[in-house]
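Peer 1: Sequence and predicted structure are below.
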Amino acid sequence: MKTTVYHLSETTIEELLNQATQVISQGGLVVFPTETVYGIGANALDKNAAKKIYEVKGRPSDNPLIVHIANKKDVFTYTTVTPGKINLLIDTFWPGPLTLVLYKKSVIPDEITGGLKTVAIRFPDNEIAKGLIQQSNLPICAPSANISGRPSSTTFKHVYEDLDGKVDLIIDGGPSKVGLESTVLDLTTDIPTILRPGAITKTMLESVLKTQVIDDTVNRLNKEIPKAPGMKYKHYAPKGKVTLLKGSNQAILRYLRSEVMSSNKTGVIASSELTNKLELEHVFDLGSINQPETIAKNIFLALRTMDELNIETIYIEAFDSKELNAAIMNRLLKAANHHIIYLD
Ligand code: AMP
Ligand code: MG
């Protein structure tokens, strides 16, 4: 398949939206930027279009897709939720990186929810994403724009690497602002439950809802069947073997200096506070430990950069699990297949 590419920097938003809207309306696939990561989108009401997403990504069919809307009230069109508490959430966090799991209406095909009675819905905060949904006048189902199991794509280059020749259109809207996928919050349980941590943290949700929120991902990390079906699959894996290093800066530096030979097959991903002191050849600086937003934005870029350098052994600094760091550590633990060395 020939993939058309549009760079926002080289065309007008009107031109690219006209083309992209046509593709979506005709049942095709468009890769588009969102504030979290790039998405591979199709008409969410067309099960055949949605099926193509699964084929292209090699995504297991029981892993449901997020439906993207660009008008808050559409959440009531596609789900059976009654206005009330949900308004607090959507008025505070939409558009933005919060996905809500709710009971679906039958207009949403079973094929995109992996047969579940629930559907995950989000209103993305990105002009191109919003424009595409509004202009096509359709909900758009879109998972992250990467081949299944690979790190999510946060730049055009990485989207192109995975999906050129496999989709109708790719829109380059520049690097993703947040860099981590959305927080997934299940509202079908008695107590709202986080199924995937993201930039909207447990503390932020609790302060708006004024009730307890459970973060299910901590307990389920090692369990067989997570509630968000996607969380059970191997994820975010670069080609090299990843090991997380947990301990003080001093301990991590000591370990790397004594155990790790400077080799062109070994790489380190860490905060500036550590990388500043490292003399190894392949070091990716995620940004200061005091700027978790920058670290979040750089995680997938760092993993993919290690692949580009053909790194076989990757050491990554482990962070604490407070606030945004919970989402960062969730992705890192998966990338490392839970392989972690505790140092002191
Ligand atoms: P992706 O868009 O590929 O980054 O992944 C979307 C995530 O949301 C996956 O982990 C899915 O399993 C999860 N998800 C989507 N729909 C539902 C749903 N109805 N119930 C629970 N989790 C869901
Ligand atoms: Mg994904």
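Peer 2: Cool, the structure landed. Ligands and ions are numbered 1, 2, ... in the order given.
Peer 1: Where in this structure is the helix or strand with the lowest mean pLDDT?
Peer 2: In the chain, no helix or strand scores lower on mean pLDDT, DSSP states H and E than helix 216-220, which sits at a mean of 67.
Peer 1: quick one, helices of the stretch 51-200 of the chain?
Peer 2: Remark: helices assigned in the stretch 51-200 of the chain by DSSP state H, counting those that start in this stretch are 74-78, 85-93, 127-136, 156-163.
Peer 1: Show me the one of these that comes nearest N63.
Peer 2: Nearest to N63 among these is helix 156-163; the distance by Cβ to Cβ comes to 16.8 Å. The way it works is simple: take the backbone N, C-alpha and C, and place the C-beta from them, glycine included.
Peer 1: coming back round to it: ligand 1: which of the helices of the stretch 51-200 of the chain is closest?
Peer 2: Counting by Cβ to the nearest ligand atom, ligand 1 lies closest to helix 74-78 out of the helices of the stretch 51-200 of the chain; the figure is 11.6 Å.
Peer 1: buried sites along that closest one?
Peer 2: D74, V75, Y78 (16 or more other Cβ atoms under 10 Å).
Peer 1: Likewise for stretch 313-331?
Peer 2: Neighbour-count burial for stretch 313-331 [16+ other Cβ under 10 Å]: 313-319, 324-331.
Peer 1: out of these, which one sits closest to S152?
Peer 2: R331 (8.5 Å).
Peer 1: ok so that closest one is a helix residue?
Peer 2: Yes: judged by DSSP: H, G, I helix; E, B strand; the rest coil, R331 forms part of a helix.
Peer 1: for it, what are its contacts?
Peer 2: The contact partners of R331, by Cβ atoms under 8 Å, 6 or more residues apart in numbering, come to L180, H235, Y236, I299, F300.
Peer 1: domain ranges for this structure?
Peer 2: 4-220, 241-342 (automatic domain parsing).
Peer 1: got CSV for the ones you listed, with distance to ligand 1 too?
Peer 2: Output for those, formatted as CSV (distance: least, Cβ to the nearest ligand atom, whole Å):
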stretch, distance to ligand 1
domain 4-220, 3
domain 241-342, 11
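Peer 1: What's the local residue count around the closest residue to A145 other than its chain neighbours?
Peer 2: Of all residues not flanking A145 in the chain, Y38 sits nearest, at 3.9 Å (Cβ to Cβ, 6 or more residues apart in numbering). Residues within reach of Y38, counting by other Cβ atoms under 10 Å, total 29.
Peer 1: Residue ranges in the stretch 101-250 of the chain under the pLDDT threshold?
Peer 2: By pLDDT under 70, the low-scoring segments of the stretch 101-250 of the chain are 218-234.
Peer 1: Please enumerate the strands of it.
Peer 2: Ranges of strands in the stretch 101-250 of the chain, per DSSP state E, counting those that start in this stretch, are 118-122, 140-141, 169-172, 183-186, 193-196, 214-215, 241-246.
Peer 1: closest to R304 out of these?
Peer 2: Comparing the strands of the stretch 101-250 of the chain by Cβ to Cβ, strand 241-246 comes nearest, at 12.7 Å.
Peer 1: Looking at the protein, which helix is longest?
Peer 2: helix 292-308 (DSSP state H).
Peer 1: next structured bit after that one?
Peer 2: strand 313-317 (DSSP states H and E).
Peer 1: which residues are in contact with stretch 305-318?
Peer 2: With Cβ under 8 Å, 6+ apart, stretch 305-318 has contacts from 238-246, 252, 256, 260, 264-271, 274, 282, 284, 286, 303, 329, 332, 335-336, 340.
Peer 1: now, which of the residues you listed lie within helices?
Peer 2: Per DSSP H, these map to helices at I252, L256, L274, L303, M329, L332, A335.
Peer 1: Most neighbours out of the residues you listed, which is it?
Peer 2: L303 (28 neighbours).
Peer 1: List the residues that contact the residue sitting nearest the centre point of the chain.
Peer 2: Centroid-nearest residue in the chain: E181, 2.4 Å away (criterion: Cα atoms, centre = their mean). By Cβ under 8 Å, 6+ apart, the contact list for E181 reads T36, V37, P97, S144, S152, R196, G198.
Peer 1: swap the cut-off to 6 Å and go again
Peer 2: The neighbours of E181, taking Cβ atoms under 6 Å, 6 or more residues apart in numbering as the test, are T36, V37.
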